[in-house]
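Chemist: I'll drop the sequence and a predicted model, then ask my questions.
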Amino acid sequence: NVRTISSMPLLLARPVDVIVEGEVWMGKKGLAALNDLRRKKEEPEFANPRNAAAGSVRQLDPRIAAERSLDTFIYDVAQSSETLPPSQSQELGYLRQLGFHVNAEALCVSGIEGVIEYWKKWSERKDAEDYLIDGIVAKVDRRDYQEALGYTGKAPRFAVAFKFPAEQVTTIVEDIVLQIGRTGILTPVAHLKSVTVGGVVVSRATLHNEDQIRRLDVRIGDTVVVQRAGDVIPEVVQVIPELRKKNAKRYAFPKKVAECEGDGSIERVPGMAAWRCVYRNSAVQMRRRLHHFAGKHAFDIEGLGPKTLDLLVDEGLVTTYADIFTLEEGDLISLERFAEVSAKKLIRNIDAKRRIPLDRFLISLSIPQVGEETARDIAAHFRTLAAVERASEESLKAINGVGEIVAEAVYAWFRSAEHRKTLEALSKEVVIEEAKEQGKGTLSGKTFVLTGTLTGFSRDAAAEKIRSMGGSVSHAVSKKTSYVVAGANPGSKYDDAKKLGIPLLDEEAFLRLLVSGRP
């Protein structure tokens with residue numbers, strides 16, 4: 001399908017074996033024309049250019065992809081039979097010479113001041129372009145410097161994305177509904193009058209917790225400000241009180257939630273602004289755990305999404321984590337949505353994920369209080385699953401970023417007879433890789449908490465940058481926290497930091513710390 005895109009050369013300017021990296025995109029005008037055509041055919045419209053481009057490239061019929069207004073930008077050379085230029089900027093020229101489409105706006109600047117000026121320029125003119133832009137990427141130009149800096153996990157140390165401020169729109173809260181998570185945590189979700197934010201149609205937005213509802217004073221019927229930065233879940237950030245109707249209703253957490261099962265009771269989580277189901281093994285929670293287990297932050301099994309897992313659960317083929325790895329082609333072929341080819345492919349994808357790093361394995365287990373950052377910290381400290389299983393509460397508390405509540409939760413989880421059975425069953429199916437020894441950096445020994453919206457980084461990018469420099473990131477403020485980085489519209493973590501006397505950094509001070517080691 002990529003061969004049908006007019007900007008992709010079918011023949012290069014000279015004979016060379018080359019592998020390039022880039023992206024396929026669709027412009028705003030192309031999306032409007034495509035959706036106009038789909039409306040006439042009474043077909044569902046695409047929500048944004050990204051979805052339209054991805055759907056077009058995946059078409060089985062190349063003629064359909066060829067009819068759509070797709071374009072490319074090529075950014076890098078992964079491999080070439082020729083000697084490559086010594087810098088990124090010269091490499092872009094090399095790509096142009098070969099006939100690839102390179103973004104004409106790429107610019108080589110000097111120093112951080114040049115990056116800031118470039119960011120300011122594009123933050124003002126981003127909406128004028130036909131393609132959607134949510135930020136800029138700054139790279140070290142010299143190739144030898146790039147190689148020296150290397151990579152950390154999935155991210156290069158020689159490149160950083162600077163995002164533009166999140167787009168904000170107003171809409172109306174039509175209802176507030178509780179959503180049960182995999183660990184039983186109840187998250188209030190605002191059901192909204194549909195609105196487009198950052199090129200995506202949004203009808204729901206998180207309200208995070210009861211404290212956030214009170215802080216914002218969100219009521220059913222209110223007009224609110226909603227934002228969505230990058231791929232982050234949409235959130236309500238502000239109420240417009242002047243537009244409040246007289247019949248706007250306050251929301252109160254119920255005493256019981258039927259979907260929690262048992263007697264439906266809920267309880268406040270000690271030390272947190274969250275409520276959870278008292279009964280921890282409801283069908284809803286188990287499904288969510290299975291979704292998470294196979295999802296991108298854990299085992300990342302391609303083709304095993306929520307719909308497929310729900311089908312397998314409904315058919316009685318999967319009730320535990322280990323059941324996923326005992327599936328056979330014969331189990332799948334008789335099911336709706338499966339044929340011999342798709343059944344073979346899914347089993348192949350599952351088998352490809354029988355090795356997993358320790359931190360991702362810990363994430364996959366849905367241990368209460370253990371998110372990605374905590375799992376990384378625990379894995380880096382203990383290195384092996386056996387050591388984590390043997391860990392005392394005191395040794396867990398000693399880890400930077402792990403407080404008393406987290407230590408208690410982890411210790412209790414590994415001492416549960418039910419969870420031991422889970423681990424025993426999984427040990428027969430998967431190999432858990434030992435964690436690598438943590439490297440040193442200018443932020444080694446320092447623990448950060450991020451809150452609010454940053455303009456130059458996504459929260460994930462900021463966390464990755466901290467980790468690449470030897471620091472750790474926690475989701476909760478404690479006496480062990482070194483700094484709380486506060487962006488726009490900070491949450492309860494900002495208040496917690498002030499109470500505990502933890503240093504607060506705005507985005508400018510955070511950037512100074514990254515550059516010079518001092519805020």
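Modeler: Yep, it's here. Quantities reported herein were computed from a predicted structural model and do not represent experimental measurements.
Chemist: output the below-cut-off pLDDT ranges for the stretch 301-450 of the chain.
Modeler: 438-439 (pLDDT under 70).
Chemist: and what of the chain?
Modeler: Ranges of the chain meeting pLDDT under 70: 60, 152-154, 199, 229-232, 438-439.
Chemist: tell me the domain ranges of it?
Modeler: 2-163, 167-254, 301-352, 356-433, 447-516 (automatic domain parsing).
Chemist: and these as TSV, adding distance to residue 272 and mean neighbour count?
Modeler: For glycine as for every other residue, the C-beta is placed from the backbone atoms N, C-alpha and C. Below are the domains of the chain laid out as TSV (distance: least, CB to CB, whole Å; neighbours: other CB atoms under 10 Å):
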stretch	distance to residue 272	mean neighbour count
domain 2-163	28	15
domain 167-254	8	17
domain 301-352	26	15
domain 356-433	7	18
domain 447-516	8	19
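Chemist: could I get these as CSV with distance to residue 286?
Modeler: Output for the domains of the chain, formatted as CSV (distance: least, CB to CB, whole Å):
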stretch, distance to residue 286
domain 2-163, 30
domain 167-254, 8
domain 301-352, 8
domain 356-433, 10
domain 447-516, 24
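Chemist: out of the ones you listed, which is closest to residue 274?
Modeler: Closest to residue 274 of these is domain 167-254 (CB to CB; 5.2 Å).
Chemist: end to end, how far does that closest one reach?
Modeler: 33 Å (CA to CA, to the nearest Å).
Chemist: same question for stretch 23-30.
Modeler: Rule used - CA to CA; the end-to-end distance of stretch 23-30 is 16 Å.
Chemist: contacts for that stretch, please.
Modeler: Residues from elsewhere that reach stretch 23-30, judged by CB atoms under 8 Å, 6 or more residues apart in numbering: 2, 5, 34, 49-50, 52-53, 56-57, 68-73, 75, 130-132.
Chemist: repeat the analysis, applying 6 Å as the threshold.
Modeler: Defining contact as CB atoms under 6 Å, 6 or more residues apart in numbering, one finds that stretch 23-30 is touched by 49, 52, 53, 57, 69, 70, 71, 72, 73, 130, 131.
Chemist: so what's the third one up against?
Modeler: Same thing as residue 53. Residue 53 touches 24, 25, 26, counting by CB under 6 Å, 6+ apart.
Chemist: okay if I get those residues as JSON lines plus secondary structure and distance to residue 160?
Modeler: Compiled in JSON lines, the contacts of residue 53 are given as follows (DSSP: H, G, I helix; E, B strand; the rest coil; distance: CB to CB, whole Å):
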{"residue": "24", "secondary structure": "strand", "distance to residue 160": "24"}
{"residue": "25", "secondary structure": "strand", "distance to residue 160": "22"}
{"residue": "26", "secondary structure": "strand", "distance to residue 160": "26"}
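Chemist: re earlier: could you identify the most distant pair in the contacts of stretch 23-30?
Modeler: 57 and 130 (18.4 Å).
Chemist: ok so, going back, of the domains of the chain, which is nearest residue 278?
Modeler: domain 167-254 (8.1 Å).
Chemist: SS state for residue 211?
Modeler: helix (DSSP: H, G, I helix; E, B strand; the rest coil).
Chemist: which residue, other than its chain neighbours, is closest to it?
Modeler: Using CB to CB, 6 or more residues apart in numbering and skipping the chain neighbours, the partner closest in space to residue 211 is residue 273 (4.0 Å).
Chemist: surely that neighbour meets residue 492?
Modeler: Yes. Counting by CB atoms under 6 Å, residue 492 is a contact partner of residue 273 at 5.5 Å.
Chemist: so what's in contact with these two at the same time?
Modeler: Contacts common to residue 273 and residue 492, judged by CB under 6 Å, 6+ apart, are residue 211.
Chemist: and the contacts of the helix ranked longest in the chain?
Modeler: The helix that spans the most residues within the chain, counting by DSSP state H, is helix 111-125. For helix 111-125, contacts defined as CB under 6 Å, 6+ apart pick out 109, 136, 138, 162, 164.
Chemist: close enough to count as contact, residue 493 and residue 450?
Modeler: No. Using CB under 6 Å, residue 493 is not in contact with residue 450, being 8.1 Å away.
Chemist: how about the secondary structure of the residue nearest to residue 211?
Modeler: Residue 273 is classified as coil under three-state DSSP.
Chemist: residues contacting it?
Modeler: 209, 211, 492.
Chemist: give me that answer again for 8 Å
Modeler: Counting by CB under 8 Å, 6+ apart, residue 273 has contacts 208, 209, 210, 211, 212, 492.
Chemist: want to throw these into JSON lines with distance to residue 88?
Modeler: Listed next are these as JSON lines, based on distance: CB to CB, whole Å:
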{"residue": "208", "distance to residue 88": "40"}
{"residue": "209", "distance to residue 88": "43"}
{"residue": "210", "distance to residue 88": "48"}
{"residue": "211", "distance to residue 88": "46"}
{"residue": "212", "distance to residue 88": "42"}
{"residue": "492", "distance to residue 88": "42"}
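Chemist: among these, which two are most distant?
Modeler: So, the contacts of residue 273 by CB to CB: farthest apart are 210 and 492, at 10.5 Å.
Chemist: and the helices in the stretch 251-400 of the chain?
Modeler: For the stretch 251-400 of the chain, the helices defined by DSSP state H, counting those that start in this stretch cover 283-294, 306-314, 321-325, 329-333, 340-351, 358-364, 372-382, 385-390, 393-397.
Chemist: what about these, which gets the closest to residue 508?
Modeler: So among the helices of the stretch 251-400 of the chain, helix 372-382 is nearest, using CB to CB, at 23.6 Å.
Chemist: picking up where we left off before, anything in contact with each of residue 493 and residue 450?
Modeler: The contact lists of residue 493 and residue 450 share residue 484, where a contact means CB under 8 Å, 6+ apart.
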